[in-house]
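Student: just a sequence and a predicted model for now, questions to come.
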Amino acid sequence: MSGLDFQQLLFIVLAPACSVFLVILISRVVTNLKEPRNRAFLALVIADMGWLLANWLEALWPSREGTALLMKIAYVFIATLPVAWLEYSLATAGKSGRGKAARVAILLIIPAVTIGMAFSNDYHGLLWSGYSFSRVLGLPFLRAEFGPWFWIHALYSYALVAVGAGLVLDAYRGLARSLKGQARLSVAAVALPLAYNIAYVTGIISFIQKDFTSVIFSVSAALFAFASDRYGLFSIVPIARSTLFDSLRSAVFVLNDEGRILDANAAARELSPGAEPVGLLAAQVKPLELVARSLSKTGPWEADVAVDTPFGRRPHELSCRPLQDDKGRRVGVIVSLHDVAVRYELVKETSALVTASMRDPLTTADKSLPLCSACHKARGQDGAWKPLPLALQERYGIMVTHGLCPDCLPRYASGAGANDEKASTRDEHEL
């Protein structure tokens, strides 16, 4: 048995097993398709399964025409799989956001052209400049020669895969160690088939004569499944540093020790209209002028500053915190500017309300209350003499209730104060 015969036989045996595994993996994912990352991962697995089954049928098809047709069908999945991987990476990084349909439509332009060229290649030869048949295991084996468009398709696909891998790594940067392990598995899962495909396409390793990329993508799915069991791939959604950074309402600048801006979030860019702050010195950005003059300060410090914003000049709280390396040396400064105009307005309104509630609306003359020394009636605001509780309520809003003090309670409890109780009841009726 030749080496090519062995590789073809190995593929024929492995492909069905890999397909079963992918079906099991899909059954796990479909239970939670509300999660965007799961939907993206499902599309990735379906693309790999389509590629795998098309290649498997191509290896078993008894006629040359059928083998050539199945090779073209496989390119439907080969061309779209990198787009599925990039969308999965974006979902993992928390950057899928709005405009997904438009983004996917644009990303699929080159894959769509590739698929069209695959089915019309006999007329132009741009995807495959030619192909030949040989007999392997007694069945037709198709070997294609790559045309100029194939290399455009390959470079585009490799670029999408590389960008996706970078997004995954960035998403897990600075997070928990377990999530970093998940990131490594995710990147390894895509690096394996990518490395093998490059080796196969370029012919770097001479003994590789059969394209096992679809099978190795199934191995990648196994790595994803392992990440699911160990790290919660389908339940833990890490928040990308950049997403969290840009979602902060406070403006945040990251400066090196010389005062040059290394990073700035979306709110910080709004305070620097007309210029990209990254790369500039702090002295060149007006909100950071105080920071530029205070770079010599070693510890954290705060100040109140006024900053020109799209809504006018507003008060901000400025906070500077030194950034240190593992050896405790200062390597930079993180600066935050928090708009406190709303807080100031709230404090102002609250202070006004408190002052108003504490202010006595009565004049000095009104503060005296004429009281009859005989019947204990008081003079109301209209000049009429009224029972004291009624006068208090009218003049000052004081509600008077009746009860018994500890000194009088024993007399009333023993019945000695029955006459006084009747008098008290009569007074209440007068009120």
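Tutor: Nice, I can see it. Numbering: from 1, shown residues only.

Student: ok, residue 14 to residue 127 distance?
Tutor: In this structure, residue 14 and residue 127 are 27 Å apart, going by C-beta to C-beta, to the nearest Å. Backbone N, C-alpha and C define where each C-beta goes, glycine included.

Student: which of these two has more neighbours?
Tutor: When residue 14 and residue 127 are compared for neighbours, residue 127 comes out ahead with 24 against 18, by other C-beta atoms under 10 Å.

Student: now the helix ranked longest in the chain: buried residues?
Tutor: When the chain is scanned for its longest helix (criterion: DSSP state H), the result is helix 64-92. Using 16 or more other C-beta atoms under 10 Å as the burial criterion, the residues of helix 64-92 that qualify are 67-92.

Student: stretch 140-152 now?
Tutor: Going through stretch 140-152 with 16+ other C-beta under 10 Å, the ones that come out buried are 140-142, 147, 149-150, 152.

Student: same deal with stretch 257-273?
Tutor: With burial defined by 16+ other C-beta under 10 Å, the residues of stretch 257-273 counted as buried are 259, 261, 264-265, 267-269, 271-272.

Student: rewinding a little: closest to residue 280 among the buried residues of stretch 140-152?
Tutor: Closest approach to residue 280 among the buried residues of stretch 140-152 (C-beta to C-beta): residue 152, at 38.4 Å.

Student: can you tell me the closest non-neighbouring residue to the closest one?
Tutor: Computed as C-beta to C-beta, 6 or more residues apart in numbering, the closest residue to residue 152 that is not its neighbour in sequence is residue 110, at 7.3 Å.

Student: so the one you found is in which element?
Tutor: Residue 110 is part of helix 109-119, with elements assigned from DSSP states H and E.

Student: what's in contact with that helix?
Tutor: For helix 109-119, the surrounding residues in contact (C-beta atoms under 8 Å, 6 or more residues apart in numbering) are 71-72, 75-76, 79-80, 82-83, 124, 126-127, 149, 152-153, 156.

Student: averaged pLDDT, it. What do you get?
Tutor: Helix 109-119 shows an average pLDDT of 96 in the prediction.

Student: what do you get for stretch 316-328?
Tutor: When pLDDT is averaged along stretch 316-328, the result is 83.

Student: so of the buried residues of stretch 140-152, which ones are in helices?
Tutor: Using DSSP H, the subset of these located in helices is 149-150, 152.

Student: will you turn the residues you listed into TSV that also has distance to residue 37 and pLDDT?
Tutor: Putting these into TSV (distance: C-beta to C-beta, whole Å; pLDDT from 0 to 100) gives the following:
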residue	distance to residue 37	pLDDT
149	32	95
150	31	93
152	30	95
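
Student: closest to residue 99 out of the buried residues of stretch 140-152?
Tutor: Closest approach between the buried residues of stretch 140-152 and residue 99, by C-beta to C-beta: residue 152, at 25.3 Å.

Student: distance of the closest one from residue 13?
Tutor: When distances are taken as C-beta to C-beta, residue 152 and residue 13 turn out to be 34 Å apart.

Student: equivalent analysis for residue 121, please.
Tutor: When distances are taken as C-beta to C-beta, residue 121 and residue 13 turn out to be 30 Å apart.

Student: swap in residue 210?
Tutor: Residue 210 sits 12 Å away from residue 13 when distances are taken as C-beta to C-beta.

Student: higher neighbour count, the two?
Tutor: With other C-beta under 10 Å as the criterion, residue 210 and residue 13 differ in neighbour count, and residue 210 comes out ahead with 20 against 9.

Student: contact partners for that one?
Tutor: By C-beta under 8 Å, 6+ apart, the neighbours of residue 210 are 4, 7-8, 10-11.

Student: so how do I select the buried members of those residues in ChimeraX?
Tutor: In ChimeraX, a selection of the buried entries from the contacts of residue 210 looks like this (16+ other C-beta under 10 Å):
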select :4,7,8,11
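
Student: outline the domain layout of this protein.
Tutor: Domain assignment for the chain, taken from automatic domain parsing, gives 3-241, 248-345, 371-430.

Student: tell me the most buried of those?
Tutor: Ranked by mean neighbour count under mean count of other C-beta atoms under 10 Å, the domains of the chain are led by domain 3-241, which reaches a mean of 17.

Student: which strands or helices does the top strand by length along the chain pack on?
Tutor: Scanning the chain for the strand with the most residues, using DSSP state E, yields strand 312-324. Using 3 or more C-beta pairs under 8 Å, 6 or more residues apart in numbering; DSSP states H and E as the contact definition, the elements that strand 312-324 packs against are helix 289-293, strand 301-309, strand 330-339, helix 341-358.

Student: give me the contacts around the third one.
Tutor: Counting contacts by C-beta under 8 Å, 6+ apart, the residues outside strand 330-339 that touch it are 249-257, 259, 262, 268, 271, 282, 287-288, 291, 295, 298, 305, 307, 309, 314-325.

Student: if we can go back for a sec, in the buried residues of stretch 257-273, find the pair that's most separated.
Tutor: 259 and 267 (20.0 Å).

Student: tell me which element residue 41 falls in.
Tutor: Secondary structure assignment for residue 41, by DSSP H and E: helix 36-60.

Student: identify the residues contacting residue 340.
Tutor: Residues near residue 340 by C-beta under 8 Å, 6+ apart: 304, 315-317.

Student: let's go with 6 Å and repeat that
Tutor: Residues in contact with residue 340, defined by C-beta atoms under 6 Å, 6 or more residues apart in numbering, are 315, 317.

Student: residue 285 too?
Tutor: Under the contact definition (C-beta under 6 Å, 6+ apart), the residues listed for residue 285 are 272, 277.

Student: quick check: the gap between it and residue 263.
Tutor: Counting by C-beta to C-beta, the gap from residue 285 to residue 263 is 13 Å.

Student: and residue 383, by the same measure?
Tutor: According to C-beta to C-beta, residue 383 and residue 263 sit 75 Å apart.

Student: kind regards, and thank you for your time.
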